[in-house]
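Everything below, folded, please.
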Amino acid sequence: LKNINFELKEKEIISIIGKSGSGKTMLSKMIMGLKNKNMQIDGNILFKNNNIFDFSEEDLRKYRGEGIGYITQNPLNVFLPFQKIRTTFLETYLSHKSISKNEAIELAKKNLKQVNLENTEEILNKYPFELSGGMLQRIMIAVAIALKPKLIIADEPTTAIDSLNQKDIIDEFIILKKELNVSLLFVTHDLGVLTNLADNLIVMQNGEIVEKGTTKEIIINAKHEHTKFLIGMRRALMEKFKKVKEYDK
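Numbering: from 1, shown residues only. Predicted structure coming up:
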């Protein structure tokens, strides 16, 4: 990563877009404070004016949960395959909150309902492999919002699910922004999923930011050649999809 410089405000949604290998996920992990000892850091990541690279292990533990939540593209990397969803909620809540197990379960049910999952008791007693990708994404969002973080990083959260569920997940993020006043850093390679979501857009290539601005400005009047390429690829895909739909009719 090099020449990275941007600011995320309260209640703002920024989307980071770029092809695979552009540095999007590495940047997300750095913001989470996930770095190895061999990394050379030249710069700061400030959360409420505090440099996260100065945090102690205890500070980082609180930061990852109460300060910032992380939603990955593959929920099966988060949920243990032979551990019920109930246990995941309990471990998360009890490690950050001074509440009883019963209180934690009631909170889990409340958070599941916030992401439009009503059959909460049934879900809590399921194993991850018994649930669809779209449901697991919603559950992962429910776990993240339970600790009321100021910022949620969503790293390609719609990649592994079908287009109908993609729209539902995007709608969930829009609702969360309004109801919870949370800031969102949405990482994606797909321009289509962020048009109605992001306030501002950051375009990455080869580990650096090549363009940034409001989503509308960049979609209508992109300046960098890589941004124009990404927009062109999206339009070509939509035209191809449109022709397939017409053929099906």
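
Now do the helices in this protein.
Taking DSSP state H as the criterion, the chain contains helices spanning 24-31, 57-62, 85-96, 101-114, 120-124, 133-146, 163-180, 215-220, 225-248.

mean confidence for the longest one?
So that's helix 225-248. Helix 225-248 carries an average pLDDT of 64.

now do the third one
Across helix 85-96, pLDDT averages out at 89.

what bridges to the residue nearest to the spatial centre of the chain?
Nearest residue to the geometric centre of the chain (Cα atoms, centre = their mean): residue 154, 0.6 Å. Beta bridges link residue 154 to residue 71, residue 186, judged by DSSP bridges.

Touching, it and residue 182? I think so.
No: assessed by Cβ atoms under 8 Å, residue 154 is found out of contact with residue 182, at 10.8 Å. Where you see a C-beta, it was placed from the backbone N, CA and C, and this is true even at glycine.

and residue 77, how many neighbours?
For residue 77, the neighbour count with other Cβ atoms under 10 Å is 7.

follow-up on the earlier one: okay, the residue nearest to the centre of the chain and residue 50: tell me how far apart.
Remark: distance between residue 154 and residue 50 (Cβ to Cβ, to the nearest Å) = 23 Å.

next one: residue 142
From residue 142 to residue 50 the distance is 28 Å (Cβ to Cβ).

So those two - more neighbours on which side?
Higher neighbour count among residue 142 and residue 50: residue 142, with 25 against 14, using other Cβ under 10 Å.

Give me the neighbour count for the closest residue in space to that one that isn't next to it in sequence.
Among residues not flanking residue 142 along the chain, residue 111 sits closest, at 4.1 Å (Cβ to Cβ, 6 or more residues apart in numbering). Residues near residue 111, counting by other Cβ under 10 Å, number 21.

How many neighbouring residues does the closest residue to residue 184 other than its chain neighbours have?
Among residues not flanking residue 184 along the chain, residue 13 sits closest, at 4.4 Å (Cβ to Cβ, 6+ apart). The tally of other residues near residue 13 (other Cβ under 10 Å) stands at 23.

going forward, begin numbering at 57 instead of 1
Okay, residue one is now 57; in that scheme the one you just asked about reads as residue 69.

Could you pull up the residues touching residue 69?
With contact taken as Cβ atoms under 8 Å, 6 or more residues apart in numbering, residue 69 is in contact with 229, 233, 239, 240, 241, 242, 253, 254, 255, 256.

go with 7 Å
Residue 69 is in contact with 233, 240, 242, 253, 254, 255, counting by Cβ atoms under 7 Å, 6 or more residues apart in numbering.

any idea which of those residues is the one closest to residue 124?
residue 240 (10.9 Å; Cβ to Cβ).

Next one, pLDDT for residue 220 please.
60.

oh sorry, the question was meant for residue 96
pLDDT, the model's per-residue confidence, is 83 for residue 96.

ok, it to residue 264 distance?
Taken as Cβ to Cβ, the span from residue 96 to residue 264 is 16 Å.
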